[in-house]
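Colleague: Fold the following and give me the result.
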Amino acid sequence: MQINRSDLPDVDDVIGAHAELLGSQLHSISEALFPPAASKALRKFTSGEAAKLIGVSDSTLRKMSLAGEGPQPETTTNGRRLYSLSDINEIRRMFARSARGREAIEFVPHRRENEHLQVLAVTNFKGGSGKTTTSAHLAQYLALQGYRVLAVDLDPQASLSALLGVLPELNVGHNETLYAAIRYDEDRRPLGDVIRNTYFDGLDLVPGNLELMEFEHTTPKALADGSASDGGAIFFARIASALDDVAEDYDVVVIDCPPQLGFLTLSGLCAATSMIVTVHPQMLDVSSMSQFLLMTRDLLGVVRDAGGQLKFDFVRYLLTRYEPQDAPQTKVVALLRNLFDDHVLTNPMVKSAAISDAGLTKQTLYEIGPGNLTRSTYDRAMESLSAVNGEIEELMRAAWGRS
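Modeller: This next block holds a predicted model:
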């Protein structure tokens, strides 16, 4: 029996019903995990962890605690001393005040007057390549090291915002994303108005939601009617211009780019001082990356011809979800290293159940702590994360001229 197509429901009604059903279920799950009155909080660190982050010995912290110097740790019933990240940063500042020159910089690594704002764009237009996971862990790692970090969620899906405790469908209203600072009309606002503090001391966030898609729709119209330079910046320079307004408050900006090469991504790349391309080492993903690189070259070439400045401190490929025992993946990794040499980061992001388990509750590995996972699994994942993020930090410091 032939189907009468006129009896079929409109596809937008079907999709809309599914969206409402899924949204309602996700809302219920979110409220169960994070009640409306609740907010995410970062765990406290043991004295050993705190000492390692600061760069001193555990005995030094113990002596300070006994002498009543600096922030006093919370003491548990079994005598363990616990420090918050704000405590750790205050102790860093104490050591920096009593140190001099390069030693002071090691305790409080804020950039100096002759060091430019680092803007790291994490990108690729292949979904599932680990952009958001990389962005969140990199931003948190740098905050743990004492840098002043701004995370910018450029993806309308806003997974980075959710990981950092801001639910896009509940906590982000009209004109409260980056779009507020780059739009073309009279509703444009300074970027500082939409920046939010997070539960991570030293890490702020520009949240995202679906409103970011407006930039993809309004930019062609602005280019057509000649208003693309309204506000003093052409479309591809608008994010850089917005960041200039808050540059003095930060050392590093981490941009989580959307998984497509649209106007948002293009403007994000033009604001960047460095680019990290996440690559899942499988042939389909590498083929997709090849197309991404070709399109990026062509689009950035147009931007350069239009007067855009495209000088990156570094471009690196980060291998993500890598399984060393997987022979085909190992061959792909060898191919990439042979082709791109030092442009491939030495350390890969190894696939780990620990990161996946943490993500189930919208947490990162830095938040969840070793007590919630098998110790060996946690340690392997942390070793991989710290190696990757430490390598990126060293590239950043080299761009500043630091050893």
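Colleague: So what touches stretch 333-345?
Modeller: Stretch 333-345 has contacts (C-beta atoms under 8 Å, 6 or more residues apart in numbering) with 279, 281, 286, 315-319, 322, 348, 388, 391-392. To be clear about C-beta, it is placed using only N, CA and C from the backbone, and glycine gets the same treatment.
Colleague: try it again with 10 Å
Modeller: Stretch 333-345 is contacted by residues 276-277, 279, 281, 283, 286, 289, 314-319, 322, 324, 326, 346, 348, 387-388, 391-392, 395 when judged by C-beta atoms under 10 Å, 6 or more residues apart in numbering.
Colleague: Now it - C-alpha only, PDB.
Modeller: What follows is stretch 333-345, C-alpha atoms only, in PDB (Å, rounded to 0.1, in the frame of the first residue of the first chain):
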ATOM      1  CA  VAL A 333      50.600   8.400  14.200                       C
ATOM      2  CA  ALA A 334      53.800   7.400  12.500                       C
ATOM      3  CA  LEU A 335      52.500   8.900   9.200                       C
ATOM      4  CA  LEU A 336      51.600  12.200  10.800                       C
ATOM      5  CA  ARG A 337      55.000  12.500  12.600                       C
ATOM      6  CA  ASN A 338      56.800  11.700   9.400                       C
ATOM      7  CA  LEU A 339      54.800  14.300   7.500                       C
ATOM      8  CA  PHE A 340      54.600  17.100  10.100                       C
ATOM      9  CA  ASP A 341      57.700  16.300  12.300                       C
ATOM     10  CA  ASP A 342      57.900  18.700  15.200                       C
ATOM     11  CA  HIS A 343      54.500  20.200  14.500                       C
ATOM     12  CA  VAL A 344      53.000  17.100  16.100                       C
ATOM     13  CA  LEU A 345      53.100  17.400  19.900                       C
END
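Colleague: Check which element follows the one helix or strand Pro220 maps to along the chain.
Modeller: If you go by DSSP states H and E, Pro220 is part of helix 213-225. Per DSSP H and E, the first helix or strand lying C-terminal to helix 213-225 is helix 238-244.
Colleague: Flag the shaky bits of the stretch 251-400 of the chain, pLDDT-wise.
Modeller: The model of the stretch 251-400 of the chain has pLDDT under 70 over residues 308, 372.
Colleague: which stretches of it form strands?
Modeller: In the stretch 251-400 of the chain, the strands defined using DSSP state E, counting those that start in this stretch lie at 252-256, 274-279, 314-319.
Colleague: Can you classify the residue sitting nearest the centre point of the chain by secondary structure?
Modeller: Centroid-nearest residue in the chain, with C-alpha atoms, centre = their mean: Ser135, separated by 2.7 Å. Classification of Ser135 using DSSP: H, G, I helix; E, B strand; the rest coil returns helix.
Colleague: Unless I'm misreading it, it sits right up against Val122, doesn't it?
Modeller: Yes - with contact defined as C-beta atoms under 10 Å, Ser135 reaches Val122; the gap is 4.6 Å.
Colleague: Which neighbours do those two have in common?
Modeller: By C-beta under 10 Å, 6+ apart, the residues touching both Ser135 and Val122 are 154, 160, 254-257, 276, 278.
Colleague: Stretch 325-338: which residues count as buried?
Modeller: Across stretch 325-338, burial judged by 16 or more other C-beta atoms under 10 Å covers 329, 332-333, 336.
Colleague: Cheers, nothing more for now.
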